[in-house]
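*Asks:* predicted model follows, preceded by the sequence.
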Amino acid sequence: MKVSVRVPATTANLGPGFDCLGIALPIYNEITVEETVMPGSGVEINILEDNENFDVLSIPKDENNIAYKAIELLYNFIGQTASDLKITIKTNIPVTRGLGSSASVIVGGLMAANHLLGNPADDAVLLSIASEVEGHPDNVTPAMFGGFCLSSMESDGSVIYSKISWPQEWKFTLLIPDYELDTNIARSVLPECISVKDAAFNIRKCAMLIDAVNKKDAELMKKCLQDKIHQPYREKLVKGFKELKEFFENKEDILGCVISGAGPTILVISCNNGFEKIKDDVRNIFNDLNVNCDIRTLNIENEGSIVV
Ligand code: HSE
């Protein structure tokens, strides 16, 4: 028997909501888990590229694969050992670009294995295991449930989360560059400590951001996407971010621009198809920086992961 799960891409942080806010986007990976017929054959991991996603070569194909690590924890949870499994990852989500490709394979592997085992774990257990493997819950939560999610990993490892309705007319444009940025590197440039002043800045922006979303208030949202906890430190790793942030200021129907997750993709939020009006200017900025960039405008994905 084999089970396949389709999992959306995700963008995390949204500026001030570091390690807390995340949104699902309609680009999908499909993860298939099957028990192999031959006992003792161990784990087999296959990566299939749906797109010209050449950097998938860097994905481990042994026990170090994060999907396998997550599945192992699930088996441990039910008092069993994961041994003879075949995992197939059909990738469409760009890898190491800040679009939740690792979260997608963790969530997909877990949900498929859970289904294969007769669903012994509930969503809370799966979310907790996924967050433990990923290290933070902001990508895995919307990857599982879709939509705009707030999440918090508690000290006992459990995750509390809320899904909040996102204004359908607010769209996301992904500026996906042709270079990779490892999340570990993007996290290593963050300081150990930040000032109370910077923490207070992010707390108020994040709180107001939720209010702006709830009220569908675009003018308020424009004032809420700033951050002082991670982007100022990561700016040097994300080509064009500084220039684009300045360029987008006070542009009609552009709500703001943030680093998607740990980068290097830049996320632009707009309404009334505002991005289309300035698309050519954005291309010129990337051309001047000698960076090739794939530009995609998407709506929010509200379904989350599903068994296919
Ligand atoms: N919140 C995480 C970060 C997302 O910014 O490092 C990347 O996985």
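*Replies:* Good, I have the coordinates. Numbers count the residues shown, from 1 in each chain.

*Asks:* just the helices from this protein, written as ranges.
*Replies:* Ranges of helices in the chain, per DSSP state H, are 66-77, 101-116, 123-134, 140-145, 183-188, 196-215, 218-221, 231-234, 241-248, 279-288.

*Asks:* run the chain-centre distance for the longest one.
*Replies:* Same thing as helix 196-215. Per C-alpha atoms, centre = their mean, to the nearest Å, the displacement of helix 196-215 from the mean C-alpha position of its chain is 20 Å.

*Asks:* for that helix, which positions count as buried?
*Replies:* Residues 201-202, 205-206, 208-210, 212-213 are the ones in helix 196-215 that count as buried (16 or more other C-beta atoms under 10 Å). The way it works is simple: take the backbone N, C-alpha and C, and place the C-beta from them, glycine included.

*Asks:* reformat the residues you listed as a markdown table; add pLDDT and distance to residue 31.
*Replies:* Compiled in a markdown table, the buried residues of helix 196-215 are given as follows (pLDDT from 0 to 100; distance: C-beta to C-beta, whole Å):
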| residue | pLDDT | distance to residue 31 |
| --- | --- | --- |
| 201 | 98 | 38 |
| 202 | 98 | 34 |
| 205 | 98 | 35 |
| 206 | 98 | 31 |
| 208 | 98 | 37 |
| 209 | 98 | 31 |
| 210 | 98 | 31 |
| 212 | 98 | 34 |
| 213 | 98 | 30 |
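
*Asks:* lowest-pLDDT helix or strand in this structure?
*Replies:* Across the helices and strands of the chain, the lowest-confidence element by mean pLDDT, DSSP states H and E is strand 43-49, at a mean of 84.

*Asks:* between it and helix 101-116, how big is the angle?
*Replies:* With axes from the mean of the first three to the mean of the last three C-alpha atoms, to 10 degrees applied, the angle from strand 43-49 to helix 101-116 works out at 130 degrees.

*Asks:* tell me what angle strand 43-49 forms with helix 66-77.
*Replies:* 140 degrees.

*Asks:* please shift the residue numbers so they start at 184 in all later answers.
*Replies:* Understood, numbering begins at 184; the last thing we discussed is strand 226-232.

*Asks:* which strand of the chain spans the most residues?
*Replies:* Looking only at the chain and at elements set by DSSP state E, the strand with the highest residue count is strand 204-218.

*Asks:* now that strand: how far from the chain's centre is it?
*Replies:* Between the centre of strand 204-218 and the centre of its host chain there is 10 Å, according to C-alpha atoms, centre = their mean.

*Asks:* got it, and stretch 271-290?
*Replies:* 8 Å.

*Asks:* any low-confidence regions in the chain?
*Replies:* 220, 233-240 (pLDDT under 70).

*Asks:* which residues of it lie near the ligand?
*Replies:* Counting by C-beta under 6 Å from any ligand atom, the chain comes close to the ligand at 195-196, 201-202, 319, 321-322, 366, 369-370, 413, 444-445.

*Asks:* domains of the protein?
*Replies:* By the record's domain assignment, the chain is partitioned as 185-347+484-490, 354-481 (automatic domain parsing).

*Asks:* just the ones you listed: most buried one?
*Replies:* For these, the stretch with the most neighbours on average is domain 185-347+484-490, a mean of 20; neighbours defined as mean count of other C-beta atoms under 10 Å.

*Asks:* and it, how far apart are its ends?
*Replies:* Domain 185-347+484-490 has an end-to-end distance of 11 Å (C-alpha to C-alpha, to the nearest Å).

*Asks:* again with stretch 453-464
*Replies:* Calculated as C-alpha to C-alpha, the first-to-last residue distance of stretch 453-464 is 15 Å.
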